[in-house]
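Engineer: Fold the following and give me the result.
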Amino acid sequence: MSHSHVQDVIVIGAGIIGISIALKLQSEGRQVLVLDRSGVAAETSAGNAGAFAFADVIPLATPGIMLKAPKWLLDPLGPLSLRPAYALKILPWMWRFWRASSATKYHSALAAQANLMTLSKAALERQIQVTHGDALIRHEGQLQLYEGEAEFNASLASWQTRKEHEVAFELLNSPEAIAKIQPGIHPRFTHAGFTPEWKNVVDPALWTQHLATAFNKKGGKIAVSTVRAIEIKEDHVLLKGDTANYQCHQLVVATGAWSKTLAQSIGDNLPLDTERGYNTTFSSSEFDLRTHLTFSNHGFVVTKIGKGIRVGGAVELAGLQLKPNFQRADVLLKKAAAFLPTLDISAGKQWMGFRPSMPDSLPVIDYSSHSKRVVYAFGHGHLGLTQSASTAELVATLLSGETPSIAMAPYSVERFKTWF
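Structural biologist: So this is what the prediction gives:
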């Protein structure tokens with residue numbers, strides 16, 4: 001089956017990035033069709049921690065991180081692990097990750113991340129207002145927890161960096177001070193940083209569906225359809241799918257970790273890979289969770305989802321094809337039970353998702369190198385939800401041919417071409 005009608009704009013991807021883009025384009029008078037192989041928030045956007053992590057301005061590739069990486073990578077159940085079966089495939093990505101951790105590239109990425117976060121914070125407020133989404137937002141802050149003074153002192157440089165980028169926080173130096181914000185944490189956690197302006201959604205799947213509903217109510221269309229390849233024609237873009245082909249004047253590729261093959265089909269070979277994350281969600285919980293909890297040195301968070309709790313995190317470098325290793329979710333649960341002694345961890349639902357990640361921790365938000373009819377919006381890593389509204393605004397600006405409000409070079413398609 002082929003769709004001969006040439007659509008105005010097609011967005012491939014109905015996750016939080018794609019739906020946010022579709023909604024923003026629609027608000028500017030564009031006719032938008034969204035295509036997704038599974039439906040709205042059917043994959044990674046459904047299972048994240050639900051956090052708008054505007055305080056997380058620091059890229060993952062920090063100077064000196066590769067000195068720590070071997071110890072992490074060799075522990076198959078640690079906060080960062082590399083599956084042996086994927087080791088050779090991930091080597092080019094790891095090489096670029098190492099290059100990104102140089103002092104010069106790190107500081108450039110930090111500035112770019114901070115700029116995008118500033119825009120993201122303002123863009124989210126605009127998105128909430130336009131969609132009347134206040135009831136789906138939690139304003140409960142975040143506690144980042146540390147075991148002992150040495151671990152806390154090692155974090156102080158990162159808090160100074162946040163201060164330089166105007167992130168509001170309060171540092172706590174006793175279990176008693178921590179308990180005033182969140183009772184029930186094991187006293188082994190003696191220090192913390194509290195970011196009061198941190199926000200969460202009630203449920204990330206529900207939030208994405210809320211935006212999709214707003215899009216549909218104004219005439220937007222969302223179809224379940226798998227796109228395998230893209231071809232640039234003289235006056236349009238052709239999308240080749242399993243059951244249908246589509247044509248459009250302009251195209252946005254926002255399929256997260258699955259974007260790499262679509263970009264390759266038109267000649268853009270980008271170093272996109274996936275950081276697998278695991279979690280367990282409890283539909284209800286008696287534990288009185290009052291704020292988002294981050295156990296940074298253990299690689300996981302505990303957060304409210306609906307009336308329940310989600311325990312999740314960690315990073316597994318294993319690509320898209322290898323089977324999940326749910327022992328990783330079990331390890332996180334055991335730690336959560338030890339750190340929150342009254343938390344009941346029975347009867348939870350396990351999940352694994354794919355974070356689409358670039359080696360320098362920055363997304364790709366740019367035209368294809370082969371046509372300005374195609375714009376890419378992927379590679380947000382751990383920050384897809386956080387940066388979704390700002391990405392939508394930037395993509396809309398690119399498609400209109402106008403100049404974006406921030407410098408776009410750090411998010412360009414071309415940025416890795418000199419990284420040998």
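Engineer: Could you pull up the mean pLDDT of the strand or helix carrying residue 106?
Structural biologist: In the assignment (DSSP states H and E), residue 106 maps to helix 103-131. Model confidence over helix 103-131, given as mean pLDDT, is 97.
Engineer: and the next element down the chain from it?
Structural biologist: That would be, after helix 103-131 and using DSSP H and E, strand 137-138.
Engineer: can you give me the mean pLDDT across that next one?
Structural biologist: 98.
Engineer: neighbouring strands for the next helix or strand after that strand, and are they parallel or not?
Structural biologist: Sequence order places strand 142-146 as the next helix or strand after strand 137-138, per DSSP H and E. Strand 142-146 sits in its sheet next to strand 191-195 (antiparallel), strand 292-295 (parallel), going by DSSP bridges.
Engineer: tell me which residues in strand 142-146 are buried?
Structural biologist: Across strand 142-146, burial judged by 16 or more other CB atoms under 10 Å covers 142, 143, 144, 145, 146. Any C-beta I mention is one placed from the backbone N, CA and C, and that applies to glycine too.
Engineer: so the last one touches residue 188, yeah?
Structural biologist: No. The pair formed by residue 146 and residue 188 falls short of the contact definition of CB atoms under 8 Å, at 9.9 Å.
Engineer: quick revisit: okay, the strands paired with strand 142-146 in a markdown table with mean neighbour count, mean pLDDT and distance to residue 393 next?
Structural biologist: A markdown table is the format used below for those (neighbours: other CB atoms under 10 Å; pLDDT from 0 to 100; distance: least, CB to CB, whole Å):
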| stretch | mean neighbour count | mean pLDDT | distance to residue 393 |
| --- | --- | --- | --- |
| strand 191-195 | 23 | 98 | 24 |
| strand 292-295 | 25 | 98 | 25 |
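Engineer: Specify which member of the buried residues of strand 142-146 is nearest to residue 391.
Structural biologist: residue 142 (21.9 Å; CB to CB).
Engineer: Quick check: bridge partners of that closest one?
Structural biologist: residue 195, residue 292.
Engineer: for stretch 170-180, how far is the first residue from the last?
Structural biologist: By CA to CA, to the nearest Å, the extent of stretch 170-180 from end to end equals 13 Å.
Engineer: Residues contacting it, please?
Structural biologist: 143, 145, 152, 159, 181, 185, 187, 189-194, 196 (CB atoms under 8 Å, 6 or more residues apart in numbering).
Engineer: So which bits of that stretch are buried?
Structural biologist: 172, 178.
Engineer: burial measure for residue 338, as a count.
Structural biologist: 12 (other CB atoms under 10 Å).
Engineer: Name the SS class of it, please.
Structural biologist: helix (DSSP: H, G, I helix; E, B strand; the rest coil).
Engineer: Tell me the confidence at it?
Structural biologist: 97.
Engineer: ok, now which ones touch it?
Structural biologist: residue 186.
Engineer: Could you check how far it is from residue 289?
Structural biologist: 16 Å (CB to CB, to the nearest Å).
Engineer: what's the angle from the helix or strand encompassing residue 158 to helix 103-131?
Structural biologist: Using DSSP H and E, residue 158 sits in helix 149-164. Relative orientation of helix 149-164 versus helix 103-131 (axes from the mean of the first three to the mean of the last three CA atoms, to 10 degrees): 70 degrees.
Engineer: quick check: mean pLDDT across helix 149-164?
Structural biologist: For helix 149-164, the per-residue pLDDT averages 96.
Engineer: Can you pull out the residues in contact with that helix?
Structural biologist: Here helix 149-164 has contacts from 55, 57-58, 110, 144, 146, 169, 171, 173, 190-191, 193, 296-297, using CB under 8 Å, 6+ apart.
Engineer: Apart from its neighbours in sequence, what residue is nearest residue 214?
Structural biologist: residue 131 (4.6 Å; CB to CB, 6 or more residues apart in numbering).
Engineer: Closest one of the contacts of stretch 170-180 to residue 125?
Structural biologist: residue 196 (16.3 Å).
Engineer: what separates that closest one from residue 140, distance-wise?
Structural biologist: From residue 196 to residue 140 the distance is 9 Å (CB to CB).
Engineer: and what of residue 391?
Structural biologist: 25 Å.
Engineer: Looking at these two, which has the bigger crowd around it?
Structural biologist: Taking neighbours as other CB under 10 Å, residue 391 and residue 140 compare with residue 391 leading, 30 against 18.
Engineer: Does that one lie in a helix or a strand, and which?
Structural biologist: Using DSSP H and E, residue 391 falls in helix 388-400.
Engineer: so who does residue 407 touch?
Structural biologist: By CB under 8 Å, 6+ apart, the contact set of residue 407 is 112, 115.
Engineer: which other residues reach stretch 187-199?
Structural biologist: By CB under 8 Å, 6+ apart, stretch 187-199 touches 51-55, 124, 137-149, 151-152, 155, 159, 167-175, 177-178, 181, 291-292, 339.
Engineer: since we're on residue 286, how many residues are nearby?
Structural biologist: 9.
Engineer: With adjacent residues omitted, what lies nearest to it?
Structural biologist: In space, residue 286 is closest to residue 344, 6.4 Å off (CB to CB, 6+ apart).
Engineer: and residue 21, that's in a helix?
Structural biologist: Yes. Per three-state DSSP, residue 21 lies within a helix segment.
Engineer: Can you check the pLDDT for it?
Structural biologist: pLDDT at residue 21 comes out at 98.
Engineer: State the distance from residue 315 to residue 79.
Structural biologist: On the measure of CB to CB, residue 315 and residue 79 end up 7 Å apart.
Engineer: what residues do those two have in common as contacts?
Structural biologist: If you check residue 315 and residue 79 against CB under 8 Å, 6+ apart, the residues they both contact are residue 299.
Engineer: Mind checking which of those two has more residues around it?
Structural biologist: residue 315 (24 against 20).
Engineer: Any figure for the gap between the more buried one and residue 105?
Structural biologist: From residue 315 to residue 105 the distance is 20 Å (CB to CB).
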